[in-house]
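>>> Mind folding the following:
(chains A and B)
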There are 2 protein chains.
Amino acid sequence: MALGEFDLIRKYFTRPSRSAAHVVLGVGDDCALLQPASGMQWAISCDMLVEGRHFLSTVRPERLGHKALAVNLSDLAACGARPVAFTLALALPRADEVFLAGLAQGLFDLADRHGIELVGGDTTAGPLNLCLTVFGEVPPGQALRRDGARPGDALWVSHAIGGGLGDARLALEVFRGQLSLEAEDFDAVRLAMEMPQPRVALGLGLRGLASAAIDLSDGLVGDLGQILRRSGVGAAIEVENLPISPVLARQPRALQLEFALAGGDDYELLFTAAAAAESLLLSAAAATGVALRRIGRIEAAPGLRLLDSRGCELTIALRGFDHFSA
Amino acid sequence: MALGEFDLIRKYFTRPSRSAAHVVLGVGDDCALLQPASGMQWAISCDMLVEGRHFLSTVRPERLGHKALAVNLSDLAACGARPVAFTLALALPRADEVFLAGLAQGLFDLADRHGIELVGGDTTAGPLNLCLTVFGEVPPGQALRRDGARPGDALWVSHAIGGGLGDARLALEVFRGQLSLEAEDFDAVRLAMEMPQPRVALGLGLRGLASAAIDLSDGLVGDLGQILRRSGVGAAIEVENLPISPVLARQPRALQLEFALAGGDDYELLFTAAAAAESLLLSAAAATGVALRRIGRIEAAPGLRLLDSRGCELTIALRGFDHFSA
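Coordinates of the predicted model:
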């Protein structure tokens, strides 16, 4: 007794509009209609999640719904934009109501926490695929960009209090059977992998403080490379300062560094700021319940150097995650 | 020698910004930044295209690029919105450069014709899937919606001069081996299927004239049902007035009606308007090079009646295309 496409949309993805300030017309017409606040710029980002690549078939649908929206909100956070609304396009192998109910639950729980509205989308049969587009607003000239890093800026990364970089990758390697962890440790890193927390409030707090920012999705080194390339600068990372969770800290040091530097799926904010901004940055982070770590500095000479605690250069074979690299 | 994800994006999907009026920051940062024109509302729509369902693996990549954007622009047209920008998320089984070059060509040719910009997106490995989100603008209160049809309104449909409804479905049935056509006829209907022309200019012309509108993607009867349901009205269609192309007209009459009423993939505008608007409507259509046909009327009693040339009710088993119906 399969539900039809329109029934599915009505049943799981249509709710009374809540944030009426921006949403003139939500799900159910050819287009959604939004009324931008006067003078604001719109930040737009789009991420596609494919089964087996961005999530495993074992993920609970609630967590998948959360993550699909979280990775998109993370892009808005990296721009310092305030989330407003999103669209969801969904290809499903079959109309599985348990799956859809869970997915909608996870999605709307996170949407409600950020006061944003699902305004439209598409549903079709096909290999499982979720494509979300998110909209946020930011005052003109205040968006955080990738191209503003300057030599002498400090390099910062956010992390959960008690957490660090590389946990999501650690969980993935357990799923892949490459590593094993005690149950409690696995649950902790699995949560990091399946329930990333977009640093939206921190992103808002970084307006006017950060000179450049990006969210960590492909791994620190690869994502930092985007800032360096677009800003025309280089950087040095003091690897001793990388935030490492207690769980990852129980792994061999080489693996800690590999996962923290190039693990991927962290969804923390990596940003640069003038040295003088430090105390304001720490206050902004504390106000949002997120920890910050200063992990290095921007340099005029191009390239990325990894330094040990004595300031000596390390050679570590790493690369950012790339969906199509050979 | 596979290109990496970032190389692919740079090579095929990054161009110098052209319509600088709205685009503050395009492809290449965490988010695109757009500056909405003062006071305008934003219309947003999102369509996902899956191989084997929305297009065949035999389609030329140029035509696929065209169609992926065209079906999205068709939603903006149905709202009377002026297209501004779009995002593209792409899942690809492999990095096939011939495919990508063709896809980008078809996409940008149509984008250029509408003066719109690709502002962001995502590329990943996965079963072939294209998800586009389009943004347009419309003055407050002027968007065409599905809920404004009133009893007594005339029911209109657009079509290509020399074309009609149902041609795309006719082509699909040839691909499926259910029907055969002479080469020239097949080329004509294949063009209708693979290169739909979004009625953007007509949609703009309908502002202030049409009381309700929708674009035809799932078939006339199903899509009209959306207008009827949301407007709380019924309708009668005079089937003799359905626009039928010369190619489809050579098929049996029952098949003509089935394909015109429920074929799907037409991407024409179906709309309602007060009887007094007729001459203005015909002028608006003529100015945009599109033909219009008055095919029926809106009635107070719910339901849809199909009438023959003598006004007698016909019984035809039909249903709108639904991706998940049993």
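
>>> drop to CA atoms for contacts and neighbour counts, all remaining ones
Will do.

>>> Please list the outside residues in contact with the one helix or strand residue A:131 maps to.
If you go by DSSP states H and E, residue A:131 is part of strand A:129-138. Strand A:129-138 has contacts (Cα atoms under 8 Å, 6 or more residues apart in numbering or on different chains) with A:40-51, A:68-69, A:72-73, A:76, A:80-92, B:89, B:131, B:133.

>>> The helix or strand following it - which strands sit beside it in the sheet, and in what orientation?
Heading C-terminal from strand A:129-138, the first helix or strand you meet, by DSSP H and E, is strand A:154-159. Here strand A:154-159 has these sheet partners by DSSP bridges: strand A:269-273 (antiparallel), strand A:291-299 (antiparallel).

>>> Tell me the helix or strand right after strand A:154-159.
By DSSP H and E, the next helix or strand past strand A:154-159 is helix A:167-175.

>>> Find out how far that next one is from the centre of the chain, if you would.
16 Å (Cα atoms, centre = their mean, to the nearest Å).

>>> So for that helix, what gets flagged as buried?
A:167, A:168, A:169, A:170, A:171, A:172 (16 or more other Cα atoms under 10 Å in any protein chain shown).

>>> Need the per-residue pLDDT for residue A:43.
Per-residue pLDDT puts residue A:43 at 93.

>>> Just grab the bridge partners of it for me.
residue A:136, residue B:33.

>>> Just the pLDDT for residue A:117.
89.

>>> Tell me the bridge partners for it.
Residue A:117 has the following beta-bridge partners by DSSP bridges: residue A:85.

>>> pretty sure it contacts residue A:69?
No - with contact defined as Cα atoms under 8 Å, residue A:117 does not count as touching residue A:69 (11.4 Å).

>>> Pairing-wise in the sheet, spell out the partners of the closest residue to residue A:315 other than its chain neighbours.
With Cα to Cα, 6 or more residues apart in numbering or on different chains as the criterion, residue A:315 has its nearest non-adjacent residue at 7.3 Å, and that residue is residue A:306. Beta-bridge pairing for residue A:306 (DSSP bridges): residue A:237, residue A:314.

>>> Would you check how far apart residue A:306 and residue B:106 are?
44 Å (Cα to Cα, to the nearest Å).

>>> about what we covered before: buried deepest among the strands paired with strand A:154-159, which one?
strand A:269-273 (a mean of 27; mean count of other Cα atoms under 10 Å in any protein chain shown).

>>> how distant is it from the center of its chain?
With Cα atoms, centre = their mean as the basis, strand A:269-273 stands 14 Å off its chain's centre.

>>> for stretch A:270-287, same thing?
19 Å.

>>> And stretch A:31-44, by the same measure?
22 Å.

>>> Endpoint to endpoint, it covers what distance?
Where stretch A:31-44 begins and where it ends lie 16 Å apart, using Cα to Cα.

>>> before we move on, what about stretch A:204-211?
End to end - Cα to Cα - stretch A:204-211 spans 13 Å.

>>> how about residue A:82, what does it touch?
A:76, A:136, A:137, A:138, A:200, A:204.

>>> returning to what we had before: common neighbours of residue A:117 and residue A:69, please.
With Cα under 8 Å, 6+ apart as the test, residue A:117 and residue A:69 both reach residue A:111.

>>> So which bits of stretch A:257-266 are buried?
By 16+ other Cα under 10 Å, the buried positions in stretch A:257-266 come out as A:257, A:258, A:259, A:260, A:261, A:262, A:263, A:264, A:265, A:266.

>>> More neighbours: which of residue A:306 and residue B:106?
Legend: neighbour count by other Cα atoms under 10 Å in any protein chain shown for residue A:306 and residue B:106, higher for residue B:106 (22 against 19).

>>> From the contact counts, what lies against the helix or strand where residue A:222 lies?
Element membership of residue A:222 [criterion: DSSP H and E] is helix A:220-231. For helix A:220-231, the helices and strands in contact under the criterion 3 or more Cα pairs under 8 Å, 6 or more residues apart in numbering or on different chains; DSSP states H and E are strand A:210-215, helix A:253-262.

>>> Can you tell me which of these is nearest to residue A:273?
Closest of the helices and strands packed on helix A:220-231 to residue A:273 is strand A:210-215, at 4.5 Å (criterion: Cα to Cα).

>>> Let me see the mean pLDDT of the longest helix anywhere in chain A.
When chain A is parsed with DSSP state H, its longest helix is helix A:61-79. For helix A:61-79, mean pLDDT is 96.

>>> export that helix as PDB, just CAs?
The C-alpha trace of helix A:61-79 is given here as PDB (Å, rounded to 0.1, in the frame of the first residue of the first chain):
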ATOM      1  CA  PRO A  61      17.000   8.000   9.700                       C
ATOM      2  CA  GLU A  62      16.700  10.600  12.400                       C
ATOM      3  CA  ARG A  63      20.400  11.100  12.400                       C
ATOM      4  CA  LEU A  64      20.500  11.200   8.600                       C
ATOM      5  CA  GLY A  65      17.900  13.900   8.600                       C
ATOM      6  CA  HIS A  66      19.900  15.800  11.200                       C
ATOM      7  CA  LYS A  67      23.200  15.400   9.300                       C
ATOM      8  CA  ALA A  68      21.800  16.400   5.900                       C
ATOM      9  CA  LEU A  69      20.600  19.700   7.300                       C
ATOM     10  CA  ALA A  70      23.600  20.100   9.600                       C
ATOM     11  CA  VAL A  71      26.300  20.000   6.800                       C
ATOM     12  CA  ASN A  72      24.300  22.600   4.900                       C
ATOM     13  CA  LEU A  73      23.900  24.900   8.000                       C
ATOM     14  CA  SER A  74      27.700  24.500   8.500                       C
ATOM     15  CA  ASP A  75      28.200  26.300   5.200                       C
ATOM     16  CA  LEU A  76      26.000  29.200   6.300                       C
ATOM     17  CA  ALA A  77      27.900  29.200   9.600                       C
ATOM     18  CA  ALA A  78      31.200  29.500   7.700                       C
ATOM     19  CA  CYS A  79      29.800  32.600   6.000                       C
END
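
>>> got the angle for that helix vs strand A:269-273?
10 degrees (axes from the mean of the first three to the mean of the last three Cα atoms, to 10 degrees).
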